[in-house]
Structure formats: structure tokens, C-alpha cells
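Enquirer: Structure, please.
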Amino acid sequence: MSQPRETTTNNLADVIQVIQIGHRSGTLTVERGEGNAYEEGEIVFANGQIVNAQTGTQSGPVALGWLTTWTNCRFAFNVESSTTTPRPPFQPSGHSPLSTRPGSSPARTNTNSSGNFRPITTASMYGQNTPRTASTPSMPNQFVTQIPYRIRTDNSVLAYIEQVGLTREHRRLFMLIDGQRTTHELVGLMGKNLDKIVELLNELERAGIVHHR
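Expert: Sure, this is the predicted structure:
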């Protein structure tokens, strides 16, 4: 856990979800506090699936549950080579993967019926409560006229996009967002269909760098 962590977030669960949505492989290392209050941890991902998590005193699902409650902290994401063989998701122990320390807020990580961890999912800003499939109807026209805008404009935002594992498509779309272009205009500029642009916008919003009106 010695890799420098220079990027900050006020909600580690959001960073975790962005990595899961992007199906990234690598190790997320995190730290917070100073002196006696200093804490650090790491989460290992394989194609967006969490395969291990640990803190100084905990490991597995208990550590993951604790890390997902972290707010202000620093992190780094070390991308794993695509040639590395992915490890299977770890199995929960007798403790619930949502276990946290007393007084902490519930984590948003859950498990499927087989006991393996699955990505954190929340409703997107476009009302997508379930994953889209080929049979899902097209987006309503109301989404075409929405105007995305940046909520982060500092010089480090492009590095942040790479740091959390987003793609060049996300970066290109972010650069096109100026607070005036509608989603429909972005579809034309990106040369992608509406569903794909909405998906990319949703992932940028989960990363905390864009919103819409």
C-alpha cells in the first residue's frame, strides 16, 4: 500500500462504483486521516468485480463494508495488465458484506444468490434503475433535450478521469460538454447512439464530474 495517493474524493463508494461500471482490473489503494487517526486499505478488482479487500485490521467482506463508508479520503488506482489472469470474486465470510463499525452508515455493496460480490448499483441521473439490454426500449425524448454541464473544472480533472479507470470515450465526451450542448447534440458530435451517450454521461456523473439540467 505504498503507492502515492494524490487524488481525493468525498465518497469512496462512488469511486468503487465507477471502477465496477468500467469493468476495470487493478488495485484501488486508499488512505485517510493523519497521525493516530491514519487509516489505509485496498480493494482488488478483476474486470470490475471485487476479488479482495483489506484494511489494517480487517479483510474480505468486512473490510469492503467498512471501506464503502469512507467519505473524505485519498486514493490511487493501479491498473492491472490485461495479460494478468483475473482472480475469482471472493466469497463472503460468516459476516455480512455490509458489516460496518458501530454508528457508520450502511454500505451499498450487495451479494447475489451465489454469494459472490456484484457491482454496486444505484439509479442513474437518467432514471436507469436496471441494466440496459438489447430489448430495452429507446430512451424517452425528454433525455435528448437535457443539457449536461461540468461540476469539476480544475486542472486535475482529466487526470482524475484516468485515475478512476474511465476510458478515452469518457474523456472525449467530457471535453465536449460545455453547459450549452444538449444530449442530442453530443450524440451527433460523438457519433454514438443515444443509449451509449446516456450510459457514458451516467458514468461521468457517478464519478462526480458532470451533472445535467
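Enquirer: buried stuff in stretch 73-80?
Expert: Neighbour-count burial for stretch 73-80 flags Cys73, Arg74, Phe75, Ala76, Phe77, Glu80 (criterion: 16 or more other CB atoms under 10 Å). The C-beta positions use only the backbone N, C-alpha and C, and glycine is treated the same way.
Enquirer: And stretch 195-213, by the same measure?
Expert: 195, 197-210, 212.
Enquirer: Over to stretch 155-173?
Expert: Buried residues in stretch 155-173, defined by neighbour count with 16+ other CB under 10 Å: Val157, Tyr160, Ile161, Gln163, Val164, Gly165, Leu166, His170, Leu173.
Enquirer: so which pair among those residues is furthest apart in space?
Expert: Gln163 and Leu173 (17.0 Å; CB to CB).
Enquirer: picking that back up, closest one to Gly191 out of the buried residues of stretch 73-80, please.
Expert: Out of the buried residues of stretch 73-80, the member with the shortest distance to Gly191 (by CB to CB) is Phe77, at 28.3 Å.
Enquirer: Can you report phi and psi for that closest one?
Expert: Main-chain torsions, Phe77, degrees, to the nearest 10: phi -120, psi 120.
Enquirer: before we move on, back to that, taking the buried residues of stretch 155-173 one by one, which sit in helices?
Expert: Val157, Tyr160, Ile161, Gln163, His170, Leu173 (DSSP state H).
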